[in-house]
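> Output the structure for:
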Amino acid sequence: MGRDRLVMPGGVGEVPATQDKDKDRRDVGGNGGSGIPPTPRHPFIEGLLKTLPEPETEWPAAARAKWLQTAANIFDLIYKGDGGITVTSAI
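As a prediction, this is how the structure comes out:
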């Protein structure tokens, strides 16, 4: 402490526990932990991602094709472009 030094006041810079949890959620969004909130995703994309099964679990090819076709249909709805995508299962 002294006239030529800055001292942060007490209580400033402390982050409440609820804000710590919010930071973890922001980092999941694919921003590489930069602390910059990600651009919000369309609710259809969020819903689609929530339906993905956990890694290392069984997911039949027909169900994968159905999920991918659903993704293609959502992309057709929310993005501009011509043509469409059809997904089929090889099994």
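> for the protein, what are the low-confidence residue spans?
For the chain, the stretches with pLDDT under 70 are 1, 12-33, 91.
> Count the residues that sit near residue 67.
16 (other CB atoms under 10 Å). Just so you know, the C-beta spots here come from the backbone N, C-alpha and C atoms, and that holds for glycine as well.
> That one: what's it in contact with?
Residue 67 makes contact with 48, 51, 52, according to CB atoms under 8 Å, 6 or more residues apart in numbering.
> and the first one, which of the three is it?
For residue 48, the assignment made with DSSP: H, G, I helix; E, B strand; the rest coil gives helix.
> That one is in contact with residue 71, isn't it?
Yes - with contacts counted by CB atoms under 8 Å, residue 48 reaches residue 71, the gap being 5.8 Å.
> Mind checking what secondary structure residue 69 has?
Following three-state DSSP, residue 69 is assigned to helix.
> Now do the contacts for it.
Residues in contact with residue 69 (CB under 8 Å, 6+ apart) are 85, 86, 87.
> Helix or strand for the last one, just tell me which one.
So that's residue 87. Counting by DSSP states H and E, there is no helix or strand that carries residue 87.
> one step back: return the member of the contacts of residue 69 nearest to residue 65.
residue 87 (5.0 Å; CB to CB).
> Does that closest one touch residue 65 like I think?
Yes - between residue 87 and residue 65 there is a contact at 5.0 Å, judged by CB under 8 Å.
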